[in-house]
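> Build the 3D model from these lines:
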Amino acid sequence: MYIRSALLLTTVLALGACSESFSNSENASSRPPLPENILELAAPNQDLATAYLRPEDNCYWYMHASPVETTRLPLRTIEGNPICVKRAE
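Numbers count the residues shown, from 1 in each chain. As a prediction, this is how the structure comes out:
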């Protein structure tokens, strides 16, 4: 019974390691490049290669990859304000 459980656990862990990561599923390479003025506004230490405009709130977001997880965070200016655009009326 113990050997069977250990084999099952090893198989599950091995298959889980082969799955596509969260950040790769977003396919950042298919996104249009950021406008020049957004690049100038953005604070350093943000991954601008993964930044995109989220239509729900018209703000720019990027993928922050930490050692533990990958999280979506709002793109911010040096002052800490989120970078958003006005909605077209």
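
> Just give me the longest helix of this structure.
helix 2-17 (DSSP state H).

> tell me the mean pLDDT for it?
Averaged over helix 2-17, pLDDT sits at 75.

> in this structure, which spans are strands?
With DSSP state E as the criterion, the chain has strands at 52-54, 59-65, 70-74.

> Tell me the helices and strands packed up against the second one.
Read that as strand 59-65. If contacts are counted by 3 or more CB pairs under 8 Å, 6 or more residues apart in numbering; DSSP states H and E, strand 59-65 sits against strand 52-54, strand 70-74. Quick note: C-beta positions are derived from backbone N, CA and C, even for glycine.

> Minimum distance to residue 85: which of those strands has it?
Closest to residue 85 of the helices and strands packed on strand 59-65, according to CB to CB: strand 52-54, at 7.0 Å.

> quick one: strands adjacent to the closest one?
strand 59-65 (antiparallel) (DSSP bridges).

> could you give the angle of the partner strand to strand 70-74?
When axes from the mean of the first three to the mean of the last three CA atoms, to 10 degrees is applied, the directions of strand 59-65 and strand 70-74 differ by 150 degrees.

> Pull out the buried residues from strand 59-65.
Within strand 59-65, the residues that count as buried by 16 or more other CB atoms under 10 Å are 60-63.

> As JSON lines, those residues with pLDDT would be great.
As requested, the buried residues of strand 59-65 are arranged in JSON lines below (pLDDT from 0 to 100):
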{"residue": "60", "pLDDT": "97"}
{"residue": "61", "pLDDT": "98"}
{"residue": "62", "pLDDT": "97"}
{"residue": "63", "pLDDT": "97"}
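
> any chance of those in JSON lines, plus distance to residue 2?
Shown next, in JSON lines, are these (distance: CB to CB, whole Å):
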{"residue": "60", "distance to residue 2": "52"}
{"residue": "61", "distance to residue 2": "47"}
{"residue": "62", "distance to residue 2": "46"}
{"residue": "63", "distance to residue 2": "41"}
